[in-house]
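>>> I would like the atomic coordinates for the input below:
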Amino acid sequence: MADWLKANVVEKIQWNERLFSLRMQPGLNDFIAGQFVRVGIDVDGERITRPYSLVSKPGDDSLEIYFNIVPEGPFSSRLAELEAGDEIFVTANANGFLTIEEVPQSRHLWLLATGTGVGPFLSILKTHQPWLRFEKIVLAYSVRTISELCYQQQISELQQQNPQQFVYVPFVTREVMTGAIQQRIPQSIEDGSLEQQTGLIINEKDSHVMMCGNSEMISSVTECLEKRGMRKHRRREPGHITTEKYY
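All right, here's what the predicted structure looks like:
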């Protein structure tokens, strides 16, 4: 049975009609960037919960999650209705292996995200460790519309702080945006457009790929990379592809 911490919402950000971020206090004493927690709300005497990756980095005063409203979902719509001061519950311990501590040594780190899957990667990129370990870090962030490209100020700050190491590639699949690739991530790997835009090659010698987001994207990219001789990373069998299991 989970140990729960009582927290309060300190800020809600509404990015568009279905995307939100919540900041909560108090924060956790200890977690690793890239991990997730379960968030709970009491409804009619029952606690309903869902797992959410943390956008905040270890040591921040508050915990931040980024989520979308799931149509007809029993939880996310209620979560979006919370305001500053409202009560919420968070598991006392974070979990998950989508962390660079789990990643074997490589030259280039590729972070591939769709939608709210960018959250754990922002947590990782706010820490010092990735910038000390990798020569190049690529963040590919795919959404349907321009309004869904959230956290652009934070990403811009990362670019300014690490201009030689950091490569940011936005994907907008249903609208035209200057500088963005207008197709899905798997197709951009298959036709080489992602690598052409970054000037880097994804291969088993130099690269480690972390993915978070749409399961179809993860499956398609994994299949594509396996054709290049890359394999899923496991502790007992080091590889080149890391994903997360929330359940």
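>>> quick check: domain ranges of this protein?
Using automatic domain parsing, the domain parsing of the chain gives 4-91, 100-242.
>>> Worst mean pLDDT among these?
Sorting the domains of the chain by mean pLDDT places domain 4-91 lowest, at a mean of 94.
>>> Just the terminal-to-terminal distance for that one.
Domain 4-91 stretches 5 Å from its first residue to its last (C-alpha to C-alpha, to the nearest Å).
>>> ok so, going back, would a markdown table of the domains of the chain with mean neighbour count be doable?
Yep, even glycine has a C-beta here, placed from its N, CA and C like the rest. Putting the domains of the chain into a markdown table (neighbours: other C-beta atoms under 10 Å) gives the following:
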| stretch | mean neighbour count |
| --- | --- |
| domain 4-91 | 17 |
| domain 100-242 | 17 |
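>>> What segments of the protein are strands?
4-14, 19-25, 36-43, 46-53, 63-68, 87-91, 108-114, 136-143, 166-172, 207-212, 241-242 (DSSP state E).
>>> closest one to Ser193 among the ones you listed?
Proximity to Ser193 (C-beta to C-beta) singles out strand 166-172 among the strands of the chain, at 9.5 Å.
>>> Next, the residues that contact that closest one from outside, please.
125, 136-146, 149, 155, 158-159, 177, 179-185, 188, 194, 197-200 (C-beta atoms under 8 Å, 6 or more residues apart in numbering).
>>> out of these, which are inside helices?
Per DSSP state H, helices hold the following members of the contacts of strand 166-172: 125, 155, 158-159, 185, 188, 194, 197-198.
>>> does Tyr66 really touch Ser123, like I thought?
No: Tyr66 is beyond contact range of Ser123, at 10.0 Å (criterion: C-beta atoms under 8 Å).
>>> Please identify every residue contacting each of the two.
53, 55.
>>> Tell me, what's the model's pLDDT at Tyr247?
pLDDT, read off for Tyr247, is 50.
>>> actually Asp3, sorry about that
At Asp3, pLDDT is 89.
>>> Would you enumerate the residues in contact with it?
Contacts of Asp3 (C-beta under 8 Å, 6+ apart): 91-93.
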